[in-house]
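Novice: need coordinates for the below:
(one chain, ligands or ions: 1)
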Amino acid sequence: MGAGQLARMAGEASSALGLSMAVLAERPDDAACAIAAGVVVGSPFDAGTMRAFTDLCEVVTFDHEQVDLEIVAALQAEGGVLRPGAETLELAVDKARMRAVLDAAGVPVPAYRIVDPGPDALDAVSAFAGDHGWPVMLKAAQGGYDGKGVWPVSNRAEASAVLDPVGGRVVVEELVPLDAELAVMVARRPSGASVAWQAVETAQVGGVCREVLVPGRLGHDVVEAASALGQKVAEIAGAVGVMAIELFWTKGRLLVNEVATRPHNSGHWTIEGAVTSQFENHVRAVLDLPLGSTAPSHPCVASVNVFGGPAGADPATLLGRGLAVEGAHVHLYAKRARPDRKLGHVTVCGDDAATVRMSAWSAALALGTPVPDGLTLPAGLAARSGPAARSGVAP
Ligand code: ADP
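Specialist: Now for the predicted structure:
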């Protein structure tokens, strides 16, 4: 269900196993349509469409969580096999529910409060800020992704300006001083058997993931603790398939920020960087097949996202330049190029952290990715982070 780049890459993994994947796409030109064995165009919010799609499939899984949980639950009750099911999906659909469930299970999360819409909402946010200090983070409980639906606010007036248009339930939480952000990917079978890949360091700009570094800057003990926490969260969630757990590292503590109950951008490195990719293990898990090894295939991996440049330059037209970078594994999602749209990623594996990061960025820049403000590029690329690269012109 869903036909974005995650479905496309899951389809590539399915194909290697001799399986055929159909997609329920919102639009016929969605990324996965070109490689799917069957395409149904329709809305996941339409019960009839979802039923017809479920009838087509031995097992239905998801590439995003913008779904109607009641429809998913009803189809499960009718005997449809949807993995993960509605209860697990709810954690990813609703940030308020996710915070509450994990908190109740003793998982460390940022200090938060759930605020219902209504005349008292602003007072509730102000009271929370009175206890924890401004600024605070406001998050729409539902509908956000890639930093949309997340707002830091510094005072009552700013909070009011966010609350009015959101209209629905929000989560207000402490603005955590981030020393690093990490992510853990876990694959889990219906029986509960699970495997985790090594925790990775991620860098976000404006709420959007720009690069993933394996192993990243954090020590072995932190990485191990993150993996253990991720597996605990997957168990609490009753995950089936792959689940991503995004974590904050702050003042010597790990906090769980977010979960996604599907393959995730922070796991793209596993395609070349691990014995089994997140996409293959997702397919194996939802079909209740034995899971593959998550061992890294190289000591160091860097994965950098490819974005459309300001003039809308299409990385597909720069493919040769990207591929000219030694060791660069280029993935383009065949999506229509738009400025700042995520259009692909590049992964480089090797023995040295600085070298793989340098190569991955070289290829992403060559494919027209603008340098995001607020991210420090590898030193050797500094010269390319000037106006040319910022305007999306490949170096
Ligand atoms: P989305 O669902 O849109 O990805 P997230 O909750 O993951 O939203 O937030 C996006 C990014 O915003 C995070 O990766 C992090 O960089 C920043 N962020 C979110 N919550 C907090 C917080 N409580 N304190 C500090 N930064 C935060």
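Novice: so residue 6 touches residue 30, yeah?
Specialist: No: under the contact definition of Cβ atoms under 8 Å, residue 6 does not touch residue 30, with a separation of 11.1 Å. From N, CA and C alone the C-beta is placed, and that goes for glycine too.
Novice: and those two? Which one has more around it.
Specialist: residue 6 (27 against 24; other Cβ atoms under 10 Å).
Novice: what's the spacing between the helix or strand harbouring the more buried one and its chain's center?
Specialist: Using DSSP states H and E, residue 6 maps to helix 5-16. Its chain's average C-alpha position is 16 Å from that of helix 5-16, according to Cα atoms, centre = their mean, to the nearest Å.
Novice: phi, psi of the closest residue to residue 38 other than its chain neighbours?
Specialist: Leaving aside its chain neighbours, residue 38 sits nearest to residue 22 (3.5 Å; criterion: Cβ to Cβ, 6 or more residues apart in numbering). Taking degrees, to the nearest 10, you get phi -100, psi 150 for the backbone angles of residue 22.
Novice: number of residues surrounding residue 22?
Specialist: Neighbour tally, residue 22, other Cβ under 10 Å: 18.
Novice: touching, it and residue 59? I think so.
Specialist: No: counting by Cβ under 8 Å, residue 22 does not reach residue 59; the two are 11.1 Å apart.
Novice: what's in contact with stretch 335-342?
Specialist: With contacts defined as Cβ atoms under 8 Å, 6 or more residues apart in numbering, stretch 335-342 is touched by 5, 29, 31, 146, 208, 265, 305-316, 333, 343, 370, 392.
Novice: those in helices, which ones?
Specialist: residue 5 (DSSP state H).
Novice: re earlier: which residues lie in contact with the residue nearest to residue 38 in this structure?
Specialist: Applying Cβ under 8 Å, 6+ apart, the residues contacting residue 22 are 36-40, 53, 56-57.
Novice: cool, and residue 159?
Specialist: With Cβ under 8 Å, 6+ apart, residue 159 has these contacts: 122, 125-126, 129, 136, 138, 153.
Novice: number of nearby residues for the residue nearest to residue 6 when sequence neighbours are not counted?
Specialist: Spatially, and ignoring its direct neighbours in sequence, residue 6 is nearest to residue 63 (4.2 Å; Cβ to Cβ, 6+ apart). By the criterion of other Cβ under 10 Å, residue 63 has 25 neighbours.
Novice: skipping its backbone neighbours, what lies nearest the residue of the stretch 251-395 of the chain found nearest the ligand in space?
Specialist: Nearest residue of the stretch 251-395 of the chain to the ligand: residue 258, at 4.1 Å (Cβ to the nearest ligand atom). Distances taken as Cβ to Cβ, 6+ apart put residue 246 closest to residue 258, at 4.3 Å, once the chain neighbours are dropped.
Novice: what's the angle between the helix or strand hosting the one you found and helix 5-16?
Specialist: Using DSSP H and E, residue 246 maps to strand 241-250. Interaxial angle of strand 241-250 relative to helix 5-16 (axes from the mean of the first three to the mean of the last three Cα atoms, to 10 degrees): 130 degrees.
Novice: what angle separates the helix or strand that strand 241-250 is followed by from helix 5-16?
Specialist: The first helix or strand that comes after strand 241-250 along the chain, using DSSP H and E, is strand 253-260. When the same axes, to 10 degrees is applied, the directions of strand 253-260 and helix 5-16 differ by 80 degrees.
Novice: partner strands of strand 253-260 and their direction?
Specialist: strand 241-250 (antiparallel) (DSSP bridges).
Novice: can you count the residues close to the residue nearest to residue 258?
Specialist: Residue 246 has 20 neighbours, counted by other Cβ under 10 Å.
Novice: need the per-residue pLDDT for it.
Specialist: Listed pLDDT for residue 246 reads 98.
Novice: go on, residue 145?
Specialist: With respect to pLDDT, residue 145 scores 76.
Novice: do the same with residue 209
Specialist: Looking at residue 209, its pLDDT reads 95.
Novice: okay, helices next: where are they in the stretch 251-395 of the chain?
Specialist: 270-273, 278-286, 319-323, 353-366, 387-390 (DSSP state H, counting those that start in this stretch).
Novice: so which bits of the third one are buried?
Specialist: Using 16 or more other Cβ atoms under 10 Å as the burial criterion, the residues of helix 319-323 that qualify are 321-322.
Novice: quick one: contacts of that helix?
Specialist: Applying Cβ under 8 Å, 6+ apart, the set of residues contacting helix 319-323 from outside is 306, 315, 328, 330, 332, 346, 363-364, 366-367, 394.
Novice: just the closest of these to residue 47, please.
Specialist: Lowest distance from residue 47 to those (Cβ to Cβ) belongs to residue 332, with 34.8 Å.
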